[in-house]
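[1] got a predicted model here, sequence first, then my questions.
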Amino acid sequence: MTKRYIVTILLSIGCALSVVAQKNFQYNNMDSWFKRDIKESRIIGGEVKTLYEVGKPGFSNKAEAWNQGDSPWETSSVYAHVMGIDKVSSTVFPEKRGDGYCVRMETVLEEVYVFGFIHVTALATGSLFTGKLMEPIQNVSDPMEKMSQGIPYTKRLKALKFDYKAKTGGKRIKASALSKSDVPGKNAADVSVFLQKRWEDKDGNIKCKRIATAYLRITESTPDWINGYELQMNYGDISKEPYFKEYMKLNYEGYPLYSLNSKGKMSFIDEVGWGDENDQPTHIIVRFSAGYGGAYVGAIGDCLWIDNVEFVE
């Protein structure tokens, strides 16, 4: 494997994930942050890059996985260590808001020079999520399989409430390795919520019913804050509803879901059907992202800001 190929894989890790929450869960006001300074390998410049995590205030300058502690939050900012090379991708940042902070998710074009002259690029979209990111990323397989999505949750949620603003509608591109190309359509930010009833077979395969769905695709920029927005949950089979879109379907190919099973292994979450009014959820997935379309796709500079997340039960 060439060094250029290794760096390409490392650049391609950051992409949109999922967020999970509770009505009064820890750090929901986005005012508390942990800072990680990690020095990248000399082969790609040896710079110190900073990752920010929503959680108990603290600091680390070690090239190691973040210990979430009591924080339910993860971000798409990531530390990777593949074939002896350390690489950092930073797409999520604290930003001052009033007397506290909010979170800014940004789409960035990562650019790296190997040995100072081989130019490698990749697009990374900022996302905020809970669950578990399998840091440090150590191999070149599907990045989505490194993201354990969803946490236990058993209530029938009415809505997800949050403050937001967005800079969106930019020109979409796909940038990976040494190539860059245009992608049809304008960029949009995404917020989604899934309630699932999960179970596991004897082989550790995770299956579930989709109990409820909520989805907000933000297609227009909102320079001023929209406070207390409530994203309503829709229960049961929504596939025949007038608001239904392709990206809301079960097992959407553009965003496959994975989770750690009881054996400590990553498993695809197979949505085998829609739930009904008698089903009780076992897990919830919520996702905030500055763009859509999967890894390497987005609009450079487009951002999504989020603050004060809570559940309406």
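    Here it is on my side, so go on. Numbers count the residues shown, from 1 in each chain.

[2] in its sheet, which strands sit next to whichever strand or helix holds residue 38, and in what direction?
    Per DSSP states H and E: residue 38 is located in strand 33-39. For strand 33-39, the pairing partners within the sheet under DSSP bridges are strand 48-54 (antiparallel), strand 58-60 (parallel).

[3] just checking, what packs against the helix or strand following the last one?
    Using DSSP H and E, the helix or strand that directly follows strand 58-60 along the chain is strand 73-75. Secondary structure elements in contact with strand 73-75, counted by 3 or more CB pairs under 8 Å, 6 or more residues apart in numbering; DSSP states H and E, are strand 48-54, strand 127-133. Where you see a C-beta, it was placed from the backbone N, CA and C, and this is true even at glycine.

[4] please identify the deepest-packed of the ones you listed.
    Per-stretch averages of neighbours, counted by mean count of other CB atoms under 10 Å, single out strand 127-133 among the helices and strands packed on strand 73-75, with a mean of 25.

[5] hmm, who's touching whichever helix or strand comes after that strand?
    For strand 127-133, the following helix or strand on the C-terminal side (DSSP H and E) is strand 147-149. By CB atoms under 8 Å, 6 or more residues apart in numbering, the list of residues contacting strand 147-149 from outside reads 17-18, 20, 129, 131-134, 257-260, 266, 269, 285.

[6] how far does strand 147-149 sit from the chain's center?
    Counting by CA atoms, centre = their mean, to the nearest Å, strand 147-149 is centred 9 Å from the centre of its parent chain.

[7] cool, and stretch 56-73?
    17 Å.

[8] closest to residue 239 out of the strands paired with strand 33-39?
    strand 48-54 (34.0 Å; CB to CB).

[9] make a markdown table out of the helices and strands packed on strand 73-75 and add distance to residue 184 and mean pLDDT.
    Shown next, in a markdown table, are these (distance: least, CB to CB, whole Å; pLDDT from 0 to 100):
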| stretch | distance to residue 184 | mean pLDDT |
| --- | --- | --- |
| strand 48-54 | 32 | 96 |
| strand 127-133 | 22 | 84 |
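
[10] in JSON lines, list those along with distance to residue 104.
    Formatted as JSON lines, the helices and strands packed on strand 73-75 follow (distance: least, CB to CB, whole Å):
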{"stretch": "strand 48-54", "distance to residue 104": "10"}
{"stretch": "strand 127-133", "distance to residue 104": "10"}
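
[11] just so I know, which of the ones you listed lies nearest residue 199?
    The minimum distance between residue 199 and those falls on strand 127-133, with 18.3 Å, by CB to CB.
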